[in-house]
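Asks: what's the 3D shape of this:
(one chain, ligands or ions: 2)
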Amino acid sequence: MSRIKTDIVTDIRLDSDKIIELKNNNEQFLIAKGRRKTYHILTYGCQMNEHDSEKISGMLTSIGYVETEDEKKADLVIFNTCLIRENAELKVFGKLGEVKGLKRKNPNLLVAVCGCMMQREEIREKVQKKFSFVDIIFGTNTIHELPMLIYNVEINKRKSVDIVDNTELIYEDMPKMRKFKHKALVNITYGCNNFCTYCVVPYVRGREKSRDPEDIIQEIKLLAEDGCKEVTLLGQNVNSYGNNLESEFTFAQLLYAVNEIDGIERIRFMTSHPKDLTEDLIKAIKECDKVCNHLHLPVQAGSNDVLKRMNRKYTKEHYLNLVEKLKEAVPDIAVTTDIIVGFPGETEEDFSETIEMVEKVEYDSAFTFLYSVREGTKAALMEDQVPDEVKHERFNRLLDVLYPIVLKKNQDCIGKVFPVLVETAEDDELTGRTEHFKLVHFKGSKDLIGEIVNVKVTDVKTFHMKGEIKKYGDTPLLKG
Ligand code: 5AD
Ligand code: SF4
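Replies: Ligands and ions are numbered 1, 2, ... in the order given. Below you'll find the model as predicted:
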């Protein structure tokens, strides 16, 4: 059994006297009004936030709330915020303005703001000043305190703020309300130690901590028993998983262990940092039959000069070499990436190296971002910030190169049959993903949601493919 230095907390204190009083209050509300109190969560940002929202839902369900799709009907509206780029921040402020109107109409409405934005003191102060109707503020490290914060507002009639900047604690056993039965997000690390110079995450999510492998495996076994077929292992840098564990346990070892769990059919993970992608991990991706043939490997930029100033700790040669090794090991692997355009000091020459990178790797898809200045990061202080119009012009040029490549990769799929995990249905149109993370639409019964079916691709666009279900007996594409 491995032990970790990080402290694990399993007592989420849902049975303290105060929380029991709060639960009783909520039961009284049900008797008086004939309905349970409702909540609505607005989630911004990445999968880490999506998963935190599942934990928030779990905490609220355990004290007697139910979810509503309609924020106008909610008794509690929660903003789970993101700080990664300015756009995400502006969206939250815009929406808070709208919710102010709801609060005016219904003074009993509770409004809570949490997530990455709330980890920054100056933004918390701005929210408290400009949106003084907000009742509860909590951070990424205090989700487990939400029932107590609601207690303070409802019973003690006090606005509540609870933020912990950086913590060594990992809260296991937090109740979770999963959005999907057939697929689940599973945290493996929290926080980040990399300090890429453009990125605010290490400042708001704190230092990297790995969960105990046994806790992860136990969680996934329970998920599998509950009918879950696909897990996505989550961390800011999954490849450095295990660095703070007392006994050695690497990410590659974790993949082998998860691969053994009955009932799980697909394993995904994100995000991989190229500096920590080891030969062992490439071997694990090849050898573990349940690990999907897809790797999201953010490159961020193609120029060594820019990569150095981004503090990415790899060169373009190293990155290209990794991709080559991956494709050698798993020939039909889909590679996707993140790219930032207009990092401070990016010259036309630097940018052309990013374009070259896209052409060489032939990405299956990419998230492309305009560099956004984030206060408190090193890059925010760098001279030679790239003017907006230059950023936009380069961004468009990048898409002009990227999209035809993505389309061509999809065209290569025409006529081939892929196993697809069916995720959603609208009328008789089903949507699912291939192992390569490509979105496919096809006709079929909604009873197939959660099933893996063989789909022949008949037509493709840049962002999705169309297909038809193949009957029993057709051979799916196997891992290369
Ligand atoms: N500006 C633009 N993009 C950013 N990202 C992170 N910080 C910034 C920023 N300041 C992008 C990176 C990262 C992804 C999650 O968001 O590409 O991989
Ligand atoms: Fe941000 Fe870099 Fe950490 Fe990713 S690895 S969260 S980009 S600092």
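Asks: and residue 430, backbone torsions?
Replies: Per-residue torsions, residue 430: phi -100, psi 150 (degrees, to the nearest 10).
Asks: please name the nearest non-neighbouring residue to it.
Replies: Distances taken as Cβ to Cβ, 6 or more residues apart in numbering place residue 444 nearest to residue 430, at 4.5 Å, with adjacent residues excluded. For glycine as for every other residue, the C-beta is placed from the backbone atoms N, C-alpha and C.
Asks: for residue 268, which three-state class applies?
Replies: Under DSSP: H, G, I helix; E, B strand; the rest coil, the three-state class of residue 268 is strand.
Asks: tell me the pLDDT of the closest residue to it other than its chain neighbours.
Replies: Leaving aside its sequence neighbours, residue 268 sits nearest to residue 232 (Cβ to Cβ, 6+ apart; 4.3 Å). For residue 232, the pLDDT comes out at 98.
Asks: which strand or helix spans residue 232?
Replies: Using DSSP states H and E, the element containing residue 232 is strand 230-234.
Asks: what inclination does that strand have with respect to strand 266-270?
Replies: Per axes from the mean of the first three to the mean of the last three Cα atoms, to 10 degrees, the angle that strand 230-234 makes with strand 266-270 is 20 degrees.
Asks: can you pull the buried residues of strand 230-234?
Replies: For strand 230-234, burial by neighbour count (16 or more other Cβ atoms under 10 Å) applies to 230, 231, 232, 233, 234.
Asks: show me what it is packed against.
Replies: Helices and strands touching strand 230-234, by 3 or more Cβ pairs under 8 Å, 6 or more residues apart in numbering; DSSP states H and E, are helix 47-62, strand 183-187, helix 213-225, helix 251-259, strand 266-270.
Asks: ok, the lengthiest helix in the chain near ligand 1 or not?
Replies: If you go by DSSP state H, the chain has its longest helix at helix 388-411. No. If you take Cβ under 6 Å from any ligand atom as the test, helix 388-411 misses ligand 1, and the best it gets is 10.1 Å.
Asks: what's that helix in contact with?
Replies: The contact list for helix 388-411, computed with Cβ atoms under 8 Å, 6 or more residues apart in numbering, reads 334, 339, 341-342, 346, 351, 354-355, 358-359, 362-366, 368, 370-371, 438, 460-463, 465.
Asks: got the contact list for the closest residue to ligand 2 within the stretch 1-150 of the chain?
Replies: Ligand 2 sits closest to residue 84 of the stretch 1-150 of the chain, with a gap of 8.0 Å, by Cβ to the nearest ligand atom. Going by Cβ under 8 Å, 6+ apart, residue 84 touches 45, 46, 116, 199, 200, 201, 372, 374.
Asks: so how far is residue 254 from it?
Replies: Using Cβ to Cβ, to the nearest Å, we find residue 84 at a distance of 26 Å from residue 254.
Asks: who's in contact with the closest residue to residue 195 other than its chain neighbours?
Replies: Leaving aside its chain neighbours, residue 195 sits nearest to residue 202 (5.1 Å; criterion: Cβ to Cβ, 6+ apart). Listed by Cβ under 8 Å, 6+ apart, the contact set of residue 202 reads 191, 192, 193, 194, 195.
Asks: let me see the contact set for the first one.
Replies: Looking back up the chat, that one is residue 191. 166, 202, 205, 206, 207, 208, 209, 236.
Asks: and the pLDDT for the fourth one?
Replies: Meaning residue 206. Note for residue 206: predicted pLDDT of 90.
Asks: nearest to residue 261, of the contacts of residue 191?
Replies: Nearest to residue 261 among the contacts of residue 191 is residue 209, at 23.0 Å by Cβ to Cβ.
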